[in-house]
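[1] Generate a structure from the sequence data that follows.
(2 chains)
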Amino acid sequence: GAVVSQHPSWVICKSGTSVKIECRSLDFQATTMFWYRQFPKQSLMLMATSNEGSKATYEQGVEKDKFLINHASLTLSTLTVTSAHPEDSSFYICSAREGRTGAFFTQYFGPGTRLLVL
Amino acid sequence: TQLLEQSPQFLSIQEGENLTVYCNSSSVFSSLQWYRQEPGEGPVLLVTVVTGGEVKKLKRLTFQFGDARKDSSLHITAAQPGDTGLYLCAGETSGSRLTFGEGTQLTVNP
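    Prediction:
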């Protein structure tokens, strides 16, 4: 199956700093990538859809100025958490959509990035 | 908002027992995926079902998509401790966006 990587795997930062998380599709081109957030013992919540070469589409309630998304190439999308606060501490997971196979697309998930804001 | 209700949320069983996890919605999905997630890792795709009434088997796991493509089930036969994990269903909506269920935390005790 296709491989998606994320970097860093975990990060600890001070309140008020910005943190950038990278999501890469290693062996396929992904025109669309997705960013999710997951709190302990909970499911994944979609934050935004990232399309290569265009602005990201954010889900309701997600601040676009707080979570900056850039999808500059077909294999890389970045999520920047600006002026991070302790409540932004979470597990951030990206996924990349592979090409259409039959009636559906397949999404492959990265290993996630654990963010802890002190 | 398209909701996907997953049940049960927690399940603790003994090795060798059978179990079923359900995902239900009032919405129709173009496809439905089942994932398994280990702590500290991303979800890993188990199966995608597309056609109403479709049944797929993956070793001891059987996945079924409802006739109306609004619900799905995952049945595990003779559960093993290695089956322990968080099982997530996700329905595909417009733009290939996935709506996830709340997840089922399965613990299989030896």
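
[2] Could you see whether chain A lies near the helix or strand of chain B with the lowest mean pLDDT?
    Least confident helix or strand of chain B, by mean pLDDT, DSSP states H and E, is strand B:98-100 with a mean of 90. Yes. Counting by Cβ under 8 Å from any Cβ of the partner chain, chain A has neighbours in strand B:98-100: B:98-100. C-beta: built from backbone N, CA, C; applies to glycine.

[3] Contact partners for A:Pro40?
    A:Phe91 (Cβ atoms under 8 Å, 6 or more residues apart in numbering or on different chains).

[4] Run a quick neighbour tally on the closest residue to B:Glu5 other than its chain neighbours.
    Spatial nearest neighbour of B:Glu5, excluding adjacent residues (Cβ to Cβ, 6 or more residues apart in numbering or on different chains): B:Asn24 at 4.9 Å. Neighbours of B:Asn24 under the rule other Cβ atoms under 10 Å in any protein chain shown: 16.

[5] Near A:Leu115, how many other residues are there?
    The number of residues packed near A:Leu115 is 21, by other Cβ under 10 Å.

[6] now swap in A:Tyr36 and tell me
    By other Cβ under 10 Å, the residues close to A:Tyr36 number 24.

[7] Repeat that for A:Lys66.
    Neighbour number of A:Lys66 under other Cβ under 10 Å is 14.

[8] What residues does residue 48 make contact with?
    I went with chain A, as the question did not name one. A:34-35, A:56-59, A:62, A:64, A:67, A:69.

[9] should've been chain B
    A:104, A:106, B:31-33.

[10] swap in A:Ala96?
    A:2, A:4, A:23, A:25, A:28, A:30, A:32-34, A:77, A:107-108, A:110.

[11] That one in helix, strand or coil?
    Secondary structure state of A:Ala96, per DSSP: H, G, I helix; E, B strand; the rest coil, is strand.

[12] can you pull up the bridge partners for residue 45?
    Picking chain A for this. For A:Met45, the beta-bridge partners are A:Arg37 (DSSP bridges).

[13] Oops, wrong one, chain B.
    B:Tyr35.

[14] Could you look up the SS state of the most centrally placed residue in chain A?
    With distances taken as Cα atoms, centre = their mean, A:Trp35 lies nearest the centre of chain A, 3.2 Å away. Look at A:Trp35: counting by three-state DSSP, its state is strand.

[15] Next up, the contacts around the closest residue to it other than its chain neighbours.
    Computed as Cβ to Cβ, 6+ apart, the closest residue to A:Trp35 that is not its neighbour in sequence is A:Met47, at 4.6 Å. Listed by Cβ under 8 Å, 6+ apart, the contact set of A:Met47 reads A:35-37, A:58-59, A:62, A:67, A:79.
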